[in-house]
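Participant: 3D model of this:
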Amino acid sequence: EQKGKRMVGLVRSGGECYLLRHFWEQWPASVELSDAGVSLGLCPRLPAGFYADRKDEDRLYYQIRDGLHTFRQGFAKTWELWLTPNPETAASLEGDGPIATVPAEWIEASGALRQMAVATREQFPGYDETLAKGIDSYLEARDRAREYGMMNFGDWHGERTWNWGNLEYDLGHGFLTQFARTGEPQFYHRAEECVRHQRDVDTRHHADDPRRIGQQWTHSIGHTAGYYPPEYKDMKVYASPGWSDNRGHIWSQGMLEHYLLGGDRRSWDCGLLVSDWAAGPQTTNFIFGNAREPGWMSKLVMGAYFSTEDPFYLNAARIMLGKVHQQSLATGDHGFYYHKLPGGHCDCEGEKHSGEAGFMLGVLMTAMRMYYEVTGDETVADDLVKTARFIVETMWVPDELGFRYTSCPKTGAGRSSSWIMMEGLAFAATRSQDPALAEVCRSALAAAWTSLPSTGKGAGYVICSSAQALQEVSRIPGEGFSQYIAAIDRA
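Facilitator: Predicted coordinates for the structure are as follows:
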């Protein structure tokens with residue numbers, strides 16, 4: 001007989017061992033051993049009111065109503081059940097199992113995950129070590145926040161205080177990239193938890209309106225929203241009815257890479273479901289209000305192209321980035337759609353400033369770089385360089401060694417955005433052979449070097465493209481980044 005707060009979902013009966021993996025992490029589940037045999041409860045019957053009115057109900061217990069499990073349409077949960085006669089085998093499967101690896105150089109040469117600064121690793125001392133320490137901090141933070149439950153496991157909480165983040169910026173993709181670079185199993189296992197949540201909970205597998213199949217729920221209370229009225233904690237759409245057609249909050253790279261690196265076909269099928277939604281009818285009369293939409297959508301379909309080499313996805317990127325170029329020409333030829341900034345991006349009285357948010361342009365530049373890598377389209381590359389110059393001219397603050405949040409001169413400057421913009425900035429510096437732009441890249445990355453976050457939104461924000469950013473920085477002519485850092489330390 002075992003006692004404690006966390007029970008492993010393992011029972012032995014009749015010479016067989018039954019294991020329900022991640023049993024306590026995905027509560028409430030149940031195991032029962034009786035004369036009739038073994039019963040495993042995936043959505044077990046609960047006493048009415050058992051979880052009602054508890055502290056943090058809207059974070060942990062929201063989906064359990066009157067003893068019943070309630071889910072939004074399109075929810076499709078995966079459970080992993082093992083049956084073996086060998087107790088040792090069963091015990092070995094309780095936690096993180098073995099995972100096969102291949103040399104990082106082979107993965108990089110395949111092109112499926114693009115260039116990841118494998119051959120130039122020595123230029124970036126401490127990067128891998130910092131992320132390795134961060135993965136331990138990630139687990140500690142998850143435990144402190146109790147980020148567990150059938151609906152919650154694999155995600156992080158705290159977006160706008162009350163929302164689950166729904167893996168914003170594709171944290172699973174970031175972890176899998178680092179697994180591919182290092183072979184460190186921790187990154188694969190944490191990525192798998194992220195990806196399984198993303199595909200099971202955040203993705204709409206079914207809908208009465210078939211046009212919504214393949215959409216993903218934007219960060220919400222209870223992941224999908226719909227459990228509380230819109231006025232609840234003044235969260236509006238994030239409380240109810242939810243928002244799943246937001247084209248600036250959608251990701252599939254991590255799911256596709258989970259299949260490529262681990263063979264999970266369910267991740268592959270779901271990744272293609274999302275990618276097909278983005279690459280199909282969404283490209284018809286494609287219009288957008290900011291750089292985030294063509295940025296994430298083009299990055300998504302290009303990720304699908306790198307995984308499949310299906311020209312359907314490449315064509316979708318061509319359409320979307322072609323529209324970006326049209327909008328650029330129509331609004332001053334800055335390389336992107338130049339527009340009046342909304343509230344929050346510019347809160348100046350009277351006439352609002354124009355331009356864009358830096359992180360949105362960072363995502364767009366990454367998508368442009370991915371497309372150029374395959375097609376060699378010089379128009380897209382030129383738009384990328386123009387965008388990078390705009391960022392430096394309007395957002396770079398030398399005294400802070402960081403970038404303003406937007407092109408509004410009254411927004412604050414910080415260093416974390418350097419990471420999400422760096423792939424595009426460094427590509428532009430190399431392509432233009434501009435020493436001033438190259439110096440901005442090196443000094444911005446050096447200042448941001450110690451700001452590698454390990455949890456939640458911050459981690460996804462950085463590592464969604466940080467390996468590719470290092471690759472681009474390594475291509476900048478002149479001294480290597482390690483020498484640049486060493487010179488700063490000596491000074």
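Participant: Just to be sure, Leu83 is in a strand?
Facilitator: Yes: counting by DSSP: H, G, I helix; E, B strand; the rest coil, Leu83 is located in a strand.
Participant: Quick check, it in contact with Cys17.
Facilitator: Yes: counting by Cβ atoms under 8 Å, Cys17 is a contact partner of Leu83 at 7.3 Å. (Each C-beta comes from the backbone N, C-alpha and C, glycine too.)
Participant: Those two: which has the busier surroundings?
Facilitator: Using other Cβ atoms under 10 Å as the criterion, Leu83 and Cys17 rank with Cys17 on top: 20 against 10.
Participant: beta partners of Leu20?
Facilitator: For Leu20, the beta-bridge partners are Leu81 (DSSP bridges).
Participant: burial measure for it, as a count.
Facilitator: Leu20: 21 surrounding residues under other Cβ under 10 Å.
Participant: shouldn't it be in contact with Leu83?
Facilitator: No: with contacts counted by Cβ under 8 Å, Leu20 stays clear of Leu83, the gap being 10.5 Å.
Participant: So which elements touch the helix or strand harbouring Ile391?
Facilitator: In this structure, Ile391 sits in helix 378-395 according to DSSP states H and E. In terms of contacts (3 or more Cβ pairs under 8 Å, 6 or more residues apart in numbering; DSSP states H and E), helix 378-395 is packed against helix 311-330, helix 358-375, strand 402-404, helix 417-432, helix 435-448.
Participant: Give me the contacts around the host helix or strand of Leu131.
Facilitator: Per DSSP H and E, Leu131 falls inside helix 127-145. With contact meaning Cβ atoms under 8 Å, 6 or more residues apart in numbering, helix 127-145 is reached by 121, 148, 156-158, 175, 178, 181-182, 184, 186-187, 190, 452-456, 459, 463, 470.
Participant: Can you say which of these are buried?
Facilitator: The neighbour-count test (16 or more other Cβ atoms under 10 Å) marks 121, 148, 156-158, 175, 178, 181-182, 184, 186-187, 190, 452-456, 459, 463, 470 as buried among the contacts of helix 127-145.
Participant: Which ones among those lie within helices?
Facilitator: Counting by DSSP state H, the part of the buried ones among the contacts of helix 127-145 found in helices is 175, 178, 181-182, 186-187, 190, 456, 459, 463, 470.
Participant: low pLDDT regions in the stretch 151-300 of the chain?
Facilitator: In the prediction, the stretch 151-300 of the chain carries no residues with pLDDT under 70.
Participant: Show me the helices in it, by range?
Facilitator: 171-182, 185-197, 253-262, 265-279, 292-308 (DSSP state H, counting those that start in this stretch).
Participant: Which one, of the ones you listed, ends up nearest to Glu400?
Facilitator: Glu400 lies closest, by Cβ to Cβ, to one member of the helices of the stretch 151-300 of the chain: helix 292-308, at 23.8 Å.
Participant: helices and strands around the closest one, which ones?
Facilitator: In terms of contacts (3+ Cβ pairs under 8 Å, 6+ apart), helix 292-308 is packed against helix 253-262, helix 265-279, helix 311-330, helix 358-375.
Participant: Using JSON lines, lay out these together with mean neighbour count.
Facilitator: Listed next are the helices and strands packed on helix 292-308 as JSON lines, based on neighbours: other Cβ atoms under 10 Å:
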{"stretch": "helix 253-262", "mean neighbour count": "25"}
{"stretch": "helix 265-279", "mean neighbour count": "22"}
{"stretch": "helix 311-330", "mean neighbour count": "19"}
{"stretch": "helix 358-375", "mean neighbour count": "25"}
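Participant: would JSON lines of these with distance to Gly111 be doable?
Facilitator: Formatted as JSON lines, the helices and strands packed on helix 292-308 follow (distance: least, Cβ to Cβ, whole Å):
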{"stretch": "helix 253-262", "distance to Gly111": "11"}
{"stretch": "helix 265-279", "distance to Gly111": "17"}
{"stretch": "helix 311-330", "distance to Gly111": "13"}
{"stretch": "helix 358-375", "distance to Gly111": "9"}
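Participant: do you know which of the ones you listed lies nearest Ala90?
Facilitator: helix 253-262 (20.8 Å).
Participant: Which residues outside the closest one are in contact with it?
Facilitator: With contact meaning Cβ under 8 Å, 6+ apart, helix 253-262 is reached by 99, 112-113, 167, 170-177, 179-180, 188, 191-192, 194-195, 198-199, 264-265, 267-268, 270-272, 274-275, 299-300, 303-304, 307-308.
Participant: for stretch 6-24, same thing?
Facilitator: Applying Cβ under 8 Å, 6+ apart, the contact partners of stretch 6-24 are 29, 31, 33, 37-38, 40, 79-87, 89-91, 93-94, 148, 153, 193.
Participant: Run a quick neighbour tally on the closest residue to Lys323 other than its chain neighbours.
Facilitator: Distance criterion Cβ to Cβ, 6 or more residues apart in numbering; nearest residue to Lys323, sequence neighbours excluded, is Phe286 at 5.0 Å. As a burial measure, Phe286 scores 17 neighbours (other Cβ under 10 Å).
Participant: go on, Cys43?
Facilitator: Using other Cβ under 10 Å, Cys43 has 15 neighbouring residues.
Participant: I'd say it and Gly67 touch.
Facilitator: No: taking Cβ under 8 Å as the definition, Cys43 is not a contact partner of Gly67, at 10.9 Å.
Participant: secondary structure class for Lys478?
Facilitator: Not Lys; residue 478 is Gly. Applying three-state DSSP: Gly478 is coil.
Participant: who's in contact with it?
Facilitator: Gly478 is in contact with 435, 438, counting by Cβ under 8 Å, 6+ apart.
Participant: Quick check: it vs Pro435, distance?
Facilitator: With the distance defined as Cβ to Cβ, to the nearest Å, Gly478 ends up 8 Å from Pro435.
Participant: ditto for Gln215
Facilitator: For Gln215, the distance to Pro435 (Cβ to Cβ) stands at 45 Å.
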